[in-house]
Each structure stands twice: as C-alpha cells, then as structure tokens.
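Participant: Provide a 3D model corresponding to the input given below.
(one chain, ligands or ions: 2)
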Amino acid sequence: MKQSQLFTKTRKEVPSDEVSKNAQLLIQAGYIHKEMAGVYTFLPLGIRVIEKINAIIRDEMNNIGGQELIMPSLQDAEIWKKTNRWSDDLVDVWFKSKLSAGGEVGFGWTHEEVVTHLMTQYIESYKDLPRYIYQIQNKFRNETRAKSGIMRTREFLMKDLYSFARTEEEHLAFYDACAEAYTRIFNRIGIGSKTYKTFASGGAFSKFSHEYQTISDAGEDIIYVNEEKGIAINSEVLADADLSELGVTRDELTERKSIEVGNIFSLGTKFSEALGLTFKDETGSEKPVIMGSYGIGPARSMGTVVELYADEKGIVWPESIAPFQVHLVELSGGDAEIKDYAEGIYDMFTDNKVEVLYDERDVRAGEKFADSDLLGMPYRIVVSRKTKEEGKFEVVERKTGEIKFFTEEELYQKFINANV
Ligand SMILES: Nc1ncnc2c1ncn2[C@@H]1O[C@H](COP(=O)(O)OP(=O)(O)OP(=O)(O)O)[C@@H](O)[C@H]1O
Ligand SMILES: [Mg+2]
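Facilitator: Ligands and ions are numbered 1, 2, ... in the order given. Sure thing, here's the model as predicted:
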C-alpha cells in the first residue's frame, strides 16, 4: 500500500482528551479514531491489526473444534427474563431501546442466553454432542469508566465461544483444551511471556474459573503472581481460597497490576436448565446440557500489545500482528531515478505477497522517519541515492533499533524466501 493513498494521517500532537498510552498512540498514528468516550472507529491500519489477531484466534478455535457463527446484537427480552438477567438492577451494563412496534430490545453484552436458546433447535440426543460454537462480534456494555482507550469501550469486539457437553468429564476435557489454545493465542499475539492463566472465582458450578491476565501498569485489575511457579490468582481468590491447595503461600506472591485479556468459565447447567436445553442420553433419559463460556477481547489484546511494547518514539508491533511487515521509506528528494528504483523494490515485495507500506510521499526525511517510528512496522527499509550507488539497503528493526545493510539479493532472502 502506498502511504500517499491512505486517507488517514499521523498527528503531531498527543490527543489531549486521552489518558491511556494505547489510545494516544493509536489515534496519533491513525489506527483508530475516537467517536466519543468509550467508542472508537477502527481505521484501515487498525483493521489490519484486528484482522490478524482475529485470524490467530479463529485458527486456534477451529483447531479445537469450534464452529463459527454470528449472533445478532439485538436481544429479545423474553429469553433473558428466563435466566433473570434482564433486570437493570441485576445487570448494570445493559443498553436497551424501545421498539416502535411496542416492546423492548437489549443490545447484547454477552450471548449465553441467545446461544443456549439457539442450540435447543439443534441438540436432541447424545449424538448431537459435544458442540463448540463461537463468534467474533460486537458487544455493548454501559461501562461506567472508559479511561483505558480501546481496552475498555462501550461497544467492543469479543470472541465468545460456548461449549456444550454431555458429561462433566467431557466438559472439563474441552475446558483444558481451550485453556491450552488460549495460551497459544496469547503467545502468537506476542504477549504470552507476560500473560498468566489466573485463578478466579468459579461461581456455583466449579470452584475456579480462569482469567488470562497480562502484567502491565496500565491494567485495571490486581493479581498476585509467583513468576517462578507460574501461578497467578486474582484478589477474590486470594481472599477466599485455601492457598496451600494451589501450591503457594501468601508471601511467595507479588501484587501486580494486570489486564484481563480473556477468561474461561464453567457454566454447569444454569443456562440449559433455564432455557430448556436438554438431550436424551444412551438410556433415553432427558438431561440438561453442561456448558462453558470462553471470551477474548481482540481490541483489548491489541491495546495491551501497544501498552507493553511502545517506546518513546511510538508503537512497536510484533511481526505476527503488524499491519505491514515492512515500511519501505523512499528518500528520493523528488529525484525520478531514485523514485523508480524504490518503486521497483516495492513491486518486488508486493508481487511476492510481502505486506509493505510504501512511503513515497514528498515530505522531509525527518518526518518520514518520525512517522515510521510512530506507526511501528517491524522493519523499515530505506531507499535513497546512496542505496542505489552502494547497492545496499538500510534495514532497521523497530523493536531493537538494530541497523543492517542488505543487498537486493539479501532483502529477497530475508523477506521473500523466509516467508514462503
Ligand atoms: N468494555 C470492554 N472493552 C473491551 N474489551 C472488553 C470489555 N469488557 C470485556 N472485554 C474483553 O472481553 C473478554 C470477555 O468478557 P468478560 O465479560 O468475561 O469480561 P469482564 O469480566 O467483564 O472484563 P472486565 O472485568 O475487565 O470488565 C474480556 O476478557 C476482555 O478481553
Ligand atoms: Mg466487565
């Protein structure tokens, strides 16, 4: 993509109404636009990052048997009354609206009710189970605080998977498989080394649930971690649980701020009983389906990456979720010969499906470099008269600042051959 064609532009000033680093940088660089408090547009660059994260999530969810669908945002009050979650007194995040034809709808803030109701159409016997259903879809929540940029918004993307099992063992086997898939997802997104599967309280059906918490001072949560043992627990568990059962003592745990990027939860038969989701077992007797729910916030994960890796110059994307692998920066000073030369390198990359953002704008070198640092692509390749004369391209790794000089052949080896 040619940078002059991007309708978004970088901004010099930090947006004064944002306090979080992720929102400040993502707005400055043109990844997102703030519509109002807690509501953001994802711009073309931002979508590229989100789509990469979603692709990783999809890959891992499909891999453990997930089947994707999209459920609606508009919610029928009737099914939520059956689980006692329609009342604003009991659920404080509802957005609701009146229908012109009479009656009320809610904007989905989670989808247990809808998916359980849906599955009553498709699950009859033990032969129809187990099933794993997921979506990547916008949720609406009337959050009171919205100070964390894209990490806490009132309309946000969530991957939510729901599991349907016959027995407790079948449920737990999937719960563990999903936990492992989550670990792979956060590793692949690039935040694995700081993300802990954290003991959280479990509700009526299991002793614990698990949150995936990423250590960061930008977090709104507090967890207690033992890095050596790889054990983390949240504050509710610290207060209630017997720590010896978890294999740690209080003084082995360090208090850290953290970001909840995902969570997994056993639901038991709470929703299936309320909404009549049953199956006939081998003996013909009718039983409620055992369920679980498994969430990840793709945008919150994206914000977390910015919070963890940005430096004083701007964003630093891991290769796995960068919008482009290469930022090709041409310093021609208007010289047609150098422009042509740079264009040739751009074509070499794009013809070979390497994702390149090509800065062919007629602006000062300093401005190009500042923008390149702000945007945060993993590699910057500079093409100038010097490059042409010496036959060497300057390649700067954004993460480390390390500079190398590559011939065209070496560029080909690193960015094209390594990719195929
Ligand atoms: N307001 C939000 N904005 C962006 N992402 C969110 C928001 N709320 C939740 N998420 C993401 O969706 C995932 C699943 O949602 P869930 O309902 O389990 O979150 P939650 O427990 O309400 O999170 P929190 O305690 O941070 O409010 C979370 O782990 C998080 O990654
Ligand atoms: Mg919440």
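
Participant: quick check: Ser272 is in a helix.
Facilitator: Yes. Assessed by DSSP: H, G, I helix; E, B strand; the rest coil, Ser272 belongs to a helix.

Participant: what is the neighbour count of Glu319?
Facilitator: 13 (other C-beta atoms under 10 Å). (Each C-beta comes from the backbone N, C-alpha and C, glycine too.)

Participant: which parts of the helix or strand where Glu78 lies are buried?
Facilitator: For Glu78, the host element (DSSP states H and E) is helix 77-82. If you call a residue buried by 16 or more other C-beta atoms under 10 Å, then helix 77-82 has these buried ones: 79-80, 82.

Participant: same thing with stretch 148-161?
Facilitator: By 16+ other C-beta under 10 Å, the buried positions in stretch 148-161 come out as 148-161.

Participant: for the lengthiest helix in the chain, the averaged confidence score.
Facilitator: The longest helix of the chain (DSSP state H) is helix 168-189. Across helix 168-189, pLDDT averages out at 98.

Participant: tell me which other helices or strands whichever helix or strand comes after it touches.
Facilitator: Downstream of helix 168-189, the first helix or strand assigned by DSSP H and E is strand 195-201. Contact partners of strand 195-201 among helices and strands, from 3 or more C-beta pairs under 8 Å, 6 or more residues apart in numbering; DSSP states H and E: helix 168-189, strand 208-215, strand 221-226, strand 231-234, helix 235-240, strand 254-268.

Participant: do strand 195-201 and ligand 1 meet?
Facilitator: No. Strand 195-201 does not reach ligand 1 (C-beta under 6 Å from any ligand atom); its nearest approach is 8.8 Å.

Participant: neighbouring contacts of that strand?
Facilitator: 179, 182-183, 186, 208-215, 223, 225, 230-234, 236-237, 240-241, 246, 258, 261, 263 (C-beta atoms under 8 Å, 6 or more residues apart in numbering).

Participant: neighbouring strands - and their directions - for it?
Facilitator: strand 208-215 (antiparallel), strand 231-234 (parallel) (DSSP bridges).

Participant: next, the angle from the first one to helix 168-189.
Facilitator: Spelled out, that is strand 208-215. 10 degrees (axes from the mean of the first three to the mean of the last three C-alpha atoms, to 10 degrees).

Participant: can you classify the residue lying farthest from the centre of the chain as helix, strand or coil?
Facilitator: The C-alpha centroid of the chain is most remote from Glu389, which lies 43.8 Å away (C-alpha atoms, centre = their mean). With three-state DSSP as the basis, Glu389 sits in helix.

Participant: who are the packing partners of the helix holding Glu78?
Facilitator: Checked by 3+ C-beta pairs under 8 Å, 6+ apart, helix 77-82 has strand 104-107, helix 112-119, helix 270-275 packed alongside it.

Participant: restricted to buried residues, select the contacts of strand 195-201 in PyMOL.
Facilitator: Buried residues among these (16+ other C-beta under 10 Å), as a PyMOL selection:
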select buried, resi 182+183+186+208+209+210+211+212+213+214+215+223+225+231+232+233+234+237+241+246+258+261+263
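
Participant: go through the strands paired with strand 195-201 and name the closest to Val395.
Facilitator: Closest approach to Val395 among the strands paired with strand 195-201 (C-beta to C-beta): strand 208-215, 30.1 Å.

Participant: tell me the gap between the closest one and the middle of its chain.
Facilitator: Put simply, strand 208-215 sits 15 Å off its chain's centre (C-alpha atoms, centre = their mean, to the nearest Å).

Participant: centre-most residue in the chain?
Facilitator: The centre of the chain sits closest to Pro298, judged by C-alpha atoms, centre = their mean, with a distance of 2.0 Å.
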